[in-house]
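Chemist: pasting the structure only:
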C-alpha cells in the first residue's frame, strides 16, 4: 500500500488520517500540535519531525491547513513540498483557502510536473470521523483520477468541480448558502416561538413543506427534533462560528473580485462576525439562534 505524507492532523485532518490508516495506507504525519500528532501515531501513523520529513519517500502528500498563507508556505517555500517531493508524487490540499492561493500552488506544481488537486471538504468533524465527507475537487482529469481512490477512504461523495481552484470556489459557494439557510432556519424558529408554536410541531411541518432544507432536517438549530445536531449539546462541537466566518469572508472576497452580487452572503458574514465578536467564536454556527433570541 502507498505511503502518504499528511501535513496538518488537527480536528479535521486527524480523523481523516486515521481513516487512511484503517484503509491500510502507511502514514507519515506532521503537525505543530504534539497532541494532534499523538492521536494519529497511536493509531499506527509515523511521527515526522517536519513537513519535509513527512513527505520523504511519500507517494501522496495530503495537507489540511488553516489558511492560504500556510498552504503557500508549505508548498512554495524554498524547502517546501514542491522543492522536496519526489517526482510523480500526487499532491492533494484539503484546506479551505482563497482561490488565488489555490491557483498559485496549482501553477507552481504544474510547472514542476506535479499533479495537484485542491480538494476542500464538507461534512465537519463528524463527517471526517465517519469517513462520509464530501470532497469538492479542482484540477486536471489526471490528478482527479489519481486522487479519487485515496479520497474514497475519507468521504462518500467525491466530485470533480473543474480546473484549478474550482474546488475552493465550490466550497465557498456551498458554505455561503449554508450560512444563509441556517440563519433563515433560526429566524423561523424564533418567530415560531414568539407566536406560541411548539418547536417540534413546527419542525414536523417545515421538514415536510417547501421550507425544508439541510439546516433544518439534518442540523436543526433547536434541541430535540434531530438528536445528533449540536443544538442538543449546547451548541458545542460541529462547525465552529469562527470557521463559518472564515468561509464567509472568503466568499465575500471572491464575490468582490468577480463582481458578483451576494447581499445575503454579506449580511450573513456580518451576523457571524457579530456572534464571534461577542466571544462565541467557538460556538457551533447553528448557535446563532441564541443571538437572534437575544440570549447572547
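Modeler: Received the coordinates, thanks. This one's a predicted model, so the numbers in the text were calculated from it and none came from an experiment.
Chemist: any weak-confidence spans in this structure?
Modeler: Along the chain, segments meeting pLDDT under 70 are nowhere present.
Chemist: Apart from its chain neighbours, what residue comes closest to the residue minimising distance to the centre of it?
Modeler: In the chain, the C-alpha nearest the mean C-alpha coordinate belongs to residue 121, at 4.3 Å (Cα atoms, centre = their mean). Among residues not flanking residue 121 along the chain, residue 133 sits closest, at 4.5 Å (Cβ to Cβ, 6 or more residues apart in numbering). All C-beta spots, glycine's among them, are computed from the backbone N, C-alpha and C.
Chemist: Was I right to think that neighbour contacts residue 120?
Modeler: No. Taking contacts as Cβ atoms under 8 Å, residue 133 lies outside contact range of residue 120: 9.8 Å.
Chemist: Which parts of the stretch 51-200 of the chain are strands?
Modeler: For the stretch 51-200 of the chain, the strands defined by DSSP state E, counting those that start in this stretch occupy 60-63, 90-93, 115-118, 121-122, 133-138, 155-162.
Chemist: Compare these and give me the one nearest residue 24.
Modeler: strand 60-63 (13.3 Å; Cβ to Cβ).
Chemist: returning to what we had before: out of the strands of the stretch 51-200 of the chain, nearest to residue 229?
Modeler: Among the strands of the stretch 51-200 of the chain, strand 121-122 comes nearest to residue 229, with 16.1 Å by Cβ to Cβ.
Chemist: just to revisit the earlier point, give the contact list for the residue nearest to residue 121.
Modeler: Counting by Cβ atoms under 8 Å, 6 or more residues apart in numbering, residue 133 touches 16, 121-123, 127, 154-157.
Chemist: Equivalent analysis for residue 14, please.
Modeler: Residue 14 neighbours (Cβ under 8 Å, 6+ apart): 36, 39-40, 128.
Chemist: do the same with residue 69
Modeler: Residue 69 touches residue 101, counting by Cβ under 8 Å, 6+ apart.
Chemist: any idea how far it is from residue 136?
Modeler: According to Cβ to Cβ, to the nearest Å, residue 69 and residue 136 sit 21 Å apart.
Chemist: same check, this time on residue 276
Modeler: Residue 276 sits 25 Å away from residue 136, going by Cβ to Cβ.
Chemist: Look at the nearest residue to residue 129 once chain neighbours are set aside and give its secondary structure.
Modeler: Nearest non-adjacent residue to residue 129, counting by Cβ to Cβ, 6+ apart: residue 15, 4.3 Å away. Assigned with DSSP: H, G, I helix; E, B strand; the rest coil, residue 15 falls in the helix class.
Chemist: list the contacts for residue 15?
Modeler: 125, 128-129.
Chemist: roughly how far apart are it and residue 70?
Modeler: Separation of residue 15 from residue 70 (Cβ to Cβ) stands at 20 Å.
Chemist: One more: residue 92?
Modeler: Here residue 92 is placed at a distance of 15 Å from residue 70 (Cβ to Cβ).
Chemist: Which one of the two is surrounded by more residues?
Modeler: residue 92 (25 against 16; other Cβ atoms under 10 Å).
Chemist: Was I right to think the more buried one contacts residue 60?
Modeler: Yes. Assessed by Cβ under 8 Å, residue 92 is found in contact with residue 60 at 6.8 Å.
Chemist: Spit out the residues that contact those two alike.
Modeler: Here residue 92 and residue 60 have 147, 150 as joint contacts, going by Cβ under 8 Å, 6+ apart.
Chemist: Having no further points to raise, I will conclude here.
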